[in-house]
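A.B. asks: return a 3D structure for these sequence lines:
(4 chains)
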There are 2 protein chains.
Amino acid sequence: MASLDRTLIANLPLFSGLKPEELDALLSEAQSVRYPKGVTVFHQDAEARAFFVLLHGHLRVFKLTPDGQQVVVRFVVPGEVFGVAMAIGRTVYPGTAVAVADSIALQWPSAAWPRLAAAHPELANNTLQTVGARLQDMHTRVVEMATLEVERRIAHALLRLAQQAGRKVETGVTIDFPISRQDVAEMTGTTLHTVSRILSAWEARGLVESARQKITLRQPHQLMLLAEGTG
Amino acid sequence: MASLDRTLIANLPLFSGLKPEELDALLSEAQSVRYPKGVTVFHQDAEARAFFVLLHGHLRVFKLTPDGQQVVVRFVVPGEVFGVAMAIGRTVYPGTAVAVADSIALQWPSAAWPRLAAAHPELANNTLQTVGARLQDMHTRVVEMATLEVERRIAHALLRLAQQAGRKVETGVTIDFPISRQDVAEMTGTTLHTVSRILSAWEARGLVESARQKITLRQPHQLMLLAEGTG
DNA sequence: CGGTTGATTGACGGCGTTCAATCAGGGTGG
DNA sequence: CCACCCTGATTGAACGCCGTCAATCAACCG
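C.D. replies: Below is the predicted model:
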């Protein structure tokens, strides 16, 4: 295995405040793993053997209900930590992570977490910030689901996706990984049918441009108005 | 001000792993405050001056939407930390906390958090566990809202309340603080009308016993079956 | 004892799910 | 390179859960 360059991780939030030597020490214990598109990184309820940092690609994290329905928890974008079950006191993963594009991640054994966190207090602190931010995200999601009708929820979801995984193109901003109607439905608590209908309507109005597993926002500002209820 | 006894906080999760001297040091900086029923502890979007531990009573934490709707985030029970905005990197409180019963809390200035967390690494770690647990809670709430019909969501909500704030009485388990239909509605993303109808139906079946701001579960097990979809 | 807050219940309607059928794209194997 | 097939998407029709509107009632407080 080629040795890992510290510049790979120097600017990631998880490692902010760490000295170069500390980065090197951490990297020396890390293992780099490729996850081709479609592959499962870890399974819900499986023993949490490792925690990860995504270097490249995109993951879809979801929960499976007893009756087989899926709910998308989030999409992991490059630079993010994921699978931090151990850090928050869990022994199993609370969800399943699947690569929706060819991906590369660094991983550390979960067992190493207590030692690493003790040796580098910034690590625990940065993780606390990250988990806190995710908690906020889930709060706003609950608020949206409790108060907004489906169309506005979908608008919010797409805008958020565009913000964290958007790529500018001539016609607007496109979501930079394959995403289906079903995915959007599982993010917003509705059905793919309703999502399809709404996207069709938006397409007719020129707000978005969509194809198989692909969504481009042509008029993000208009969508924002719609999301806010002003449109 | 009377000096605070370390046994007040020795067994709280936030302080687990700390030595007696450390507890005393922390207590010497703490301030004890009373919040009579109905009083607001802090306001959404206000500067996060302090973080807290609830010693006695119950708080209702909620978010207010732009159009004035409220969504209940959680109820704080004795022993819990709350208002930890600073620890998760926020400068303002993301929600409003109101005492639903006469309450007592310890508080520390937010500004002291970085120093305290550095001096007592367990503090950061324990907070990470707590915030992680809350994240899990919100995940399950999102899953429920996305997949379950209202009746089952309400069943889950009441069972959770009974678990964290239940008191055994002759006729079953009662929720140990004043809670209205409106509160339950704001927890489950529905309306007080629907909650009222469902509770009435349950009361007719002998599952619960309810009065003004009061709910008692007479057959928790039956309710569980209903929540699981088995009933 | 009046006023206010919380709860109950009925009627109605609509948003969104459910059921169903069809279509299109794109990868795979021959 | 074409034919096939499977997955994802579209769209119509009908139903039903639950939100909205509205009126009444009961409990608690000052």
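
A.B. asks: show residues contacting the helix or strand in which A:Leu161 is found.
C.D. replies: A:Leu161 is part of helix A:150-165, with elements assigned from DSSP states H and E. For helix A:150-165, contacts defined as CB atoms under 8 Å, 6 or more residues apart in numbering or on different chains pick out A:58, A:75, A:77, A:144-145, A:148, A:173, A:175-177, A:179, A:184, A:187-190, A:194-195, A:198-199, A:208, A:215, A:217, A:220, A:223-224, A:226-227, A:229. Where C-beta positions appear, they are placed from N, C-alpha and C, glycine not excepted.

A.B. asks: and that helix, which residues are buried?
C.D. replies: A:150-162, A:165 (16 or more other CB atoms under 10 Å in any protein chain shown).

A.B. asks: quick one: which of those residues is nearest DNA strand C?
C.D. replies: The shortest gap between DNA strand C and any of those belongs to A:Val150, at 3.6 Å (CB to the nearest atom of the strand).

A.B. asks: A:Phe52 bridge partners, please.
C.D. replies: Taking DSSP bridges as the rule, A:Phe52 bridges to A:Phe82, A:Gln107.

A.B. asks: surely it and A:Phe82 touch.
C.D. replies: Yes. Using CB atoms under 8 Å, A:Phe52 is in contact with A:Phe82, at 5.3 Å.

A.B. asks: which one's more surrounded, these two?
C.D. replies: A:Phe52 (24 against 21; other CB atoms under 10 Å in any protein chain shown).

A.B. asks: what's near enough to touch the closest residue in space to A:Arg49 that isn't next to it in sequence?
C.D. replies: If the residues on either side of it in the chain are set aside, A:Arg49 comes closest to A:Ser110, at 5.9 Å by CB to CB, 6 or more residues apart in numbering or on different chains. Each residue near A:Ser110 by CB under 8 Å, 6+ apart is listed here: A:48-51, A:85-86.

A.B. asks: also A:Ile104?
C.D. replies: Per CB under 8 Å, 6+ apart, neighbours of A:Ile104: A:32-35, A:54-57.

A.B. asks: and the residue nearest to A:Arg134 when sequence neighbours are not counted, what element?
C.D. replies: Nearest non-adjacent residue to A:Arg134, counting by CB to CB, 6+ apart: B:Leu135, 5.8 Å away. According to DSSP H and E, B:Leu135 maps onto helix B:121-147.

A.B. asks: near DNA strand C, anything from that helix?
C.D. replies: No. Between helix B:121-147 and DNA strand C, judged by CB under 7 Å from any atom of the strand, nothing touches; the nearest distance is 8.8 Å.

A.B. asks: buried residues of that helix, list them for me.
C.D. replies: Applying 16+ other CB under 10 Å to helix B:121-147 flags B:123-132, B:134-136, B:138-139, B:141-147 as buried.
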